[in-house]
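> the following comprises the amino acid sequence and a computationally predicted model.
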Amino acid sequence: MVYNIEIRPLARFEIFEAFDWYEAQREGLGHEFLEELDMFYKSLIRNPFSYSFYEEPVRQGRLKRFPYTIVFEVFDAKVVIYSVFMIRQDPSKKRSM
């Protein structure tokens, strides 16, 4: 089964923030971040249950190149992304819903 992805508004905001920050560091780096995020999404829609639990039933997965954790939950044929969290931040800021 292939799942659809829904990205919640706060997660979208975190993605835009990360993109802007990486682009400020080096032109094109923000696009590289988005490409890695897209690769994660492709893996996620194929098998969302392969990722570990953050707080059951919420799961999380890490990007390989960038220090981000994606926090999500699976509903029927949909994966809802709650947060794209920079792992160097205070963990209490991580959104799970």
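That came in fine, so what should we check first?
> element containing the residue nearest the centre of the chain?
Most central in the chain under Cα atoms, centre = their mean is Ile70, positioned 2.9 Å from the mean C-alpha point. Taking DSSP states H and E as the definition, one finds Ile70 inside strand 68-75.
> by contact count, what packs against that strand?
Other helices and strands packing on strand 68-75, by 3 or more Cβ pairs under 8 Å, 6 or more residues apart in numbering; DSSP states H and E, are helix 29-46, strand 58-62, strand 78-86. C-betas here are computed from N, CA, C, even on glycine.
> who's the residue nearest to the centre of the chain bridged to?
Gly61, Val84 (DSSP bridges).
> need the helix or strand of this protein with the lowest average pLDDT.
Least confident helix or strand of the chain, by mean pLDDT, DSSP states H and E, is strand 52-55 with a mean of 92.
> low-confidence ranges, this structure, go.
The chain contains residues with pLDDT under 70 at 89-97.
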